[in-house]
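In: Provided below for reference: sequence and predicted model.
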Amino acid sequence: MPLDAFLARVNASRTTAGPWISRAGRAALNFALPPQCLACSAPVTEIGGLCVACWSALKLIERPYCERLGTPFPADFGPGLLSPAAIARPPAYDRARAVARFDGAARDLVHRLKYADGVHLARPLGAMMARAGHELLAPDALLVPVPLHRRRLWGRRFNQAALLAQAAARTARAAIAPEALERIKSTRPQVGLTAAQRADNLAGAFRVSPGAFLKGRQVVLVDDVLTTGATVDRLARLVRRAGAASVDVLVFALVVNDA
């Protein structure tokens, strides 16, 4: 087994270890194999943390931001403001919230989770999402991950959105419906497509799973990254037709166009 993969498993065992591990046992493990930064694998003092460099490179999204899209404002223009983009083209969902901008350390974390079997990252990232989206996670909230097509799920072996939703639900003590939505059509990547092409690409791609009960629920769609918003917009329309009372979006990273 490659060293990086072995150390990742060690970090994962630390992250998921229960209270039955003694303090002495943890101290011995940390001495033999120091905890690693979640983003770059540099040694850190705390399990599940980031090194100083990666933490500095993590561009957290905090108020002031657009109350609808969650995109940050350069200055505080007062509470409850919407961005020009949200006014010109209101999304089908009510609110979107994210932990950080999708660049630097945030991009590295997402890529390690998705493409490097970094499933141990889901728990700390999901906990950060629960804190960033705390206003979305009311007692009646129902977390619903964005689904993967079975072909992609077979190749990746896990749905990162489902792992993040489980972690966020655990932190917020919220309900989760991991199989409420299905992706029934394999779609090509949305990057580089026009708005019309994105709409055509996603047409007929999703459905509400038979037996899923969304009527009257406060649905929170969960994904790793919010890019153009086309996918969650399509899903928001779908769950509204199924009777959802509200639809919000919670992601780890948000692509921000400062222009």
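Out: Yep, it's here. Numbers count the residues shown, from 1 in each chain.
In: pull the distance from stretch 39-52 to the chain's centre.
Out: 20 Å (CA atoms, centre = their mean, to the nearest Å).
In: try stretch 122-131
Out: Worked out by CA atoms, centre = their mean, stretch 122-131 lies 8 Å from the chain centre.
In: list the contacts of it.
Out: 15-16, 38, 48, 99, 109, 113, 137, 160, 163-172, 222, 250-252 (CB atoms under 8 Å, 6 or more residues apart in numbering). In this view, the C-beta of every residue, glycine as well, is placed from N, C-alpha and C.
In: what's the mean pLDDT across that stretch?
Out: For stretch 122-131, the mean pLDDT works out to 97.
In: which parts of the stretch 101-250 of the chain are helices?
Out: 105-115, 122-132, 150-156, 160-172, 195-202, 230-241 (DSSP state H, counting those that start in this stretch).
In: just put those in a markdown table and tack on distance to Lys215 and mean neighbour count.
Out: As requested, the helices of the stretch 101-250 of the chain are arranged in a markdown table below (distance: least, CB to CB, whole Å; neighbours: other CB atoms under 10 Å):
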| stretch | distance to Lys215 | mean neighbour count |
| --- | --- | --- |
| helix 105-115 | 32 | 20 |
| helix 122-132 | 25 | 22 |
| helix 150-156 | 26 | 11 |
| helix 160-172 | 20 | 23 |
| helix 195-202 | 24 | 14 |
| helix 230-241 | 10 | 20 |
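In: for Pro90, which of those is the nearest?
Out: Distance to Pro90, taken as CB to CB, is lowest for helix 230-241 among the helices of the stretch 101-250 of the chain, at 10.0 Å.
In: quick check: mean pLDDT of the closest one?
Out: 96.
In: that helix vs helix 195-202, what angle?
Out: Orientation of helix 230-241 against helix 195-202 (axes from the mean of the first three to the mean of the last three CA atoms, to 10 degrees) gives an angle of 60 degrees.
In: shaky segments in this protein?
Out: For the chain, residues meeting the criterion pLDDT under 70 lie at 1-32, 191, 259.
In: what about 90?
Out: 1-36, 40-41, 45-49, 74-80, 116-117, 149-157, 185-205, 211, 257-259 (pLDDT under 90).
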